[in-house]
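# Okay, sequence plus prediction incoming.
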Amino acid sequence: MNSERFIHLMSTASYVTDRKIAAIKSEIRQDETMQTLHEQIEKGWPEHRTFVPPEIGTYFPYRHDLTTQDDIIYKAHNILIPPKLRAESLTKLHHSHQGIEKTKRLARETIFWPGMSTQIEKHVSNCEACQTNANANPREPLKPHTIPNRPW
């Protein structure tokens, strides 16, 4: 299977709907940083980070995994979410209030942006519903057993 078909398959099988893909494409076309990143991916990355425009420096560690197709930027098979759509994506990811690890796992299956895990942790930690309904099991004190006088 060629890479273009694989990428298309992964993006359509994910939680990212056609409407969301259209919004991502539109935002990538409008956002100057995303345009700079798109151009850098197309022409190739330099050997050193110092030669990369500062606004896309955070993407340098992922340079080998970043590709473009049909005005969408991918990291491996995950769609790069432009900065203006990230807050909405966080809200949708955490809609079911599954906790930090499950929200991260769901995100890692389909989408990407630098610092995503940290932002998910912060978003879930600040969720009032999650904090209200969090397990509040206090630690039980250790209760010693009586020591038998004989074996068995």
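Cool, got the structure. Residues are numbered from 1 along each chain as shown.

# measure Pro53 to Thr36 for me?
Distance of Pro53 to Thr36, computed by CB to CB, to the nearest Å: 6 Å. Quick note: C-beta positions are derived from backbone N, CA and C, even for glycine.

# So the two - more neighbours on which side?
The neighbour count for Pro53 versus Thr36, taken as other CB atoms under 10 Å, is higher for Thr36 (16 against 11).

# if I read this right, that one contacts Glu55, doesn't it?
Yes: taking contacts as CB atoms under 8 Å, Thr36 lies within contact range of Glu55: 6.0 Å.

# residues shared between the contacts of these two?
Here Thr36 and Glu55 share no contacting residue, scored by CB atoms under 8 Å, 6 or more residues apart in numbering.

# packing partners for the host helix or strand of Lys102?
Lys102 belongs to helix 100-110 when assigned by DSSP states H and E. Counting contacts by 3 or more CB pairs under 8 Å, 6 or more residues apart in numbering; DSSP states H and E, helix 100-110 packs against strand 78-80, helix 86-93, helix 116-125.

# which one of these has the most crowded surroundings?
When these are scored by mean count of other CB atoms under 10 Å, the highest mean neighbour count falls to strand 78-80 (a mean of 22).

# what are the pairing partners of it, and which direction each?
The pairing partners recorded for strand 78-80 under DSSP bridges are strand 72-75 (antiparallel), strand 111-112 (parallel).

# Could you list the low-confidence segments of the protein?
Scanning the chain for pLDDT under 70 picks out 1-15, 136-137.
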